[in-house]
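# 3D, please:
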Amino acid sequence: MHWLYLIGAGLLEVVWATTMKQSEGFTRLTPSLITIVAMLASFSLLALAMRALPLGTAYAIWTGIGALGAFLVGILWMGEAATATRIAAALLILSGIVLMKLSA
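Okay, the predicted model is just below:
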């Protein structure tokens with residue numbers, strides 16, 4: 001169950017990162033509110049996951065899911081560049097997440 005909490009926390013990190021961008025510096029109400037709610041939910045799920053998972057593993061996987069998810073949202077929905085270097089960096093993050101999971 002703790003792994004599901006961690007995955008949920010990571011996915012919510014993608015939500016709040018995306019809506020933070022859309023809030024335009026917290027000047028737009030709806031994206032700002034979604035950002036705050038998603039942050040609180042993400043932190044809460046991360047805290048639940050950390051009851052059983054090691055700090056380093058949980059935090060690295062949480063941030064990795066958020067980083068990869070935000071990277072994909074940026075490319076697929078926000079028109080950001082999908083250069084070879086950025087894709088290679090994302091693959092390195094993914095390999096780090098996999099290795100953290102395998103080591104836990």
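
# If you count neighbours, what's buried in the least confident helix or strand in the chain by mean pLDDT?
Within the chain, no helix or strand scores below helix 84-103, which has a mean of 92 by mean pLDDT, DSSP states H and E. Neighbour-count burial for helix 84-103, counted by 16 or more other Cβ atoms under 10 Å, picks out Ala90, Ile93, Ile97, Met100. From N, CA and C alone the C-beta is placed, and that goes for glycine too.

# Distance to Glu24 for the residues you listed - can I get that in CSV?
As requested, those are exported to CSV (distance: Cβ to Cβ, whole Å):
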residue, distance to Glu24
Ala90, 26
Ile93, 27
Ile97, 30
Met100, 34
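
# Quick check: the most centrally placed residue in the chain vs Leu29, distance?
For the chain, the residue nearest the mean C-alpha position is Gly66 (1.4 Å; Cα atoms, centre = their mean). Here the criterion is Cβ to Cβ, to the nearest Å. By it, Gly66 lies 24 Å from Leu29.

# out of the buried residues of helix 84-103, who's nearest Gly74?
The nearest member of the buried residues of helix 84-103 to Gly74, counting by Cβ to Cβ, is Ala90 at 10.5 Å.

# got the contact list for that closest one?
By Cβ atoms under 8 Å, 6 or more residues apart in numbering, the residues touching Ala90 are Ala67, Leu68, Phe71.

# now those residues in JSON lines, with distance to Thr35, pLDDT and secondary structure?
Converted to JSON lines, the contacts of Ala90 look like this (distance: Cβ to Cβ, whole Å; pLDDT from 0 to 100; DSSP: H, G, I helix; E, B strand; the rest coil):
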{"residue": "Ala67", "distance to Thr35": "17", "pLDDT": "95", "secondary structure": "helix"}
{"residue": "Leu68", "distance to Thr35": "19", "pLDDT": "95", "secondary structure": "helix"}
{"residue": "Phe71", "distance to Thr35": "18", "pLDDT": "96", "secondary structure": "helix"}
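
# Thank you, goodbye.
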